[in-house]
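Participant: how would this look folded up:
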Amino acid sequence: MNVLRFIFGLGIAFSIFSFIWGFIMLLINSIRGNAGRAKQVQDYTLRIIKYFLLVSVTANYIFKYQAGDDQTLSWAYMLLGTMVMVFYLMGKLQKRMLFSQLSKHPVLARFTATIDPLVERYLLIGSVVYFIICLQLPDMVNNGVVNWFTTSIAAIYDAPIIGWIFSVIAFFFLVNILFRGANVIGSLVTGQPLNRPSVGGFGQFQQGSNPFEQFREKQREEEGFVDYEDVTDEEESENKN
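Facilitator: Modelled structure (predicted):
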């Protein structure tokens, strides 16, 4: 089994599952209400169901379509699959944290929803732990609902045109995962924290900072530095005269 092919297959599973879940959410949103607190509880309930199904279907997909005829998976690929799942869910969390920050802007508040960072982290950790258990006990995810999602993913991927589109998405997913892995390895080698602040990075949103305010502060610092340099140059010219 090729490592790149394995990650590519996970990209197929993730992207097509999100596609199918998107249609399910369209149906659910068309029949449910918008009652404040109740809607927030519904959102988190649906997200728990989504993550439960995502992890179950991914594990099932690995054993049915990526583990070979004997449907066994080595510890190395279990570790690789877990790392990919962590990177994928971390990326989802980063995006939700970003949208949560944008929701504080009056204009964008109506298009975004606030989230509870603590609940999001518990959801991520719980999903990863459940994924590890599923990889060790594949019979847990061998049921009608999970098998339907899994076979649907395989059928959509085998479709002539739409399958090619998801292949392109999976390729970019593969590249993104490789970059994330390289960044993590670089951080471990240099001794830097894994959640160090970066532009649009997870560390910034953990600290509750506003990205727009950060951009303005950075501009002020750069302008102040330029002004300081100009004044110094003028003083040196006057002293020489």
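Participant: Pull out the buried positions in stretch 41-49.
Facilitator: Within stretch 41-49, the residues scored as buried using 16 or more other C-beta atoms under 10 Å are Q42, L46, R47. Bear in mind the C-beta positions are built from the backbone N, C-alpha and C, glycine included.
Participant: Correct me if wrong: the last one contacts L123.
Facilitator: Yes: shown here, R47 and L123 form a contact pair, counting by C-beta atoms under 8 Å, at 6.9 Å.
Participant: what about W21, which SS state?
Facilitator: Assigned by DSSP: H, G, I helix; E, B strand; the rest coil, the conformation of W21 is helix.
Participant: Can you name the helix or strand that the closest residue to it other than its chain neighbours falls in?
Facilitator: Residue nearest to W21 in three dimensions, not counting chain neighbours: K50, with 5.8 Å by C-beta to C-beta, 6 or more residues apart in numbering. Under DSSP states H and E, the secondary-structure element containing K50 is helix 36-65.
Participant: Okay, buried residues for that helix please.
Facilitator: Buried residues in helix 36-65, defined by neighbour count with 16+ other C-beta under 10 Å: 42, 46-47, 50-51, 53-65.
Participant: Strands of this protein, start to end?
Facilitator: For the chain, applying DSSP state E gives no strands.
Participant: Distance check, the nearest residue to S15 once chain neighbours are set aside against E120.
Facilitator: Nearest residue to S15 in three dimensions, chain neighbours excluded: I169, at 4.5 Å (C-beta to C-beta, 6+ apart). Distance, I169 to E120, by C-beta to C-beta, to the nearest Å: 24 Å.
Participant: Same check on S127?
Facilitator: In this view, S127 and E120 are 11 Å apart by C-beta to C-beta.
Participant: cool, Y88 as well?
Facilitator: Going from Y88 to E120 by C-beta to C-beta gives 14 Å.
Participant: give me the low-pLDDT residue ranges for this structure?
Facilitator: Where the chain drops to pLDDT under 70, the residues are 1, 33-38, 68-71, 99-100, 102-115, 188, 191-241.
Participant: in it, which spans are helices?
Facilitator: 3-31, 36-65, 75-102, 117-136, 144-158, 162-190, 202-206, 211-240 (DSSP state H).
Participant: what's next to the fifth one, contact-wise?
Facilitator: For helix 144-158, the surrounding residues in contact (C-beta atoms under 8 Å, 6 or more residues apart in numbering) are 12-13, 16-17, 19-20, 53, 56-57, 60-61, 64-65, 162-163, 166-167.
Participant: And that helix, what's buried?
Facilitator: V146, F149, T150, I153, A154, I156, Y157.
Participant: Now do it against helix 3-31, angle only.
Facilitator: 110 degrees (axes from the mean of the first three to the mean of the last three C-alpha atoms, to 10 degrees).
Participant: quick one: helix 144-158 to helix 36-65, angle?
Facilitator: Going by the same axes, to 10 degrees, helix 144-158 makes 70 degrees with helix 36-65.
Participant: likewise the first one?
Facilitator: In this structure, helix 3-31 runs at an angle of 150 degrees to helix 36-65, with the same axes, to 10 degrees as the basis.
Participant: Next, the angle from helix 3-31 to helix 75-102.
Facilitator: Between helix 3-31 and helix 75-102, the angle comes out at 40 degrees (the same axes, to 10 degrees).
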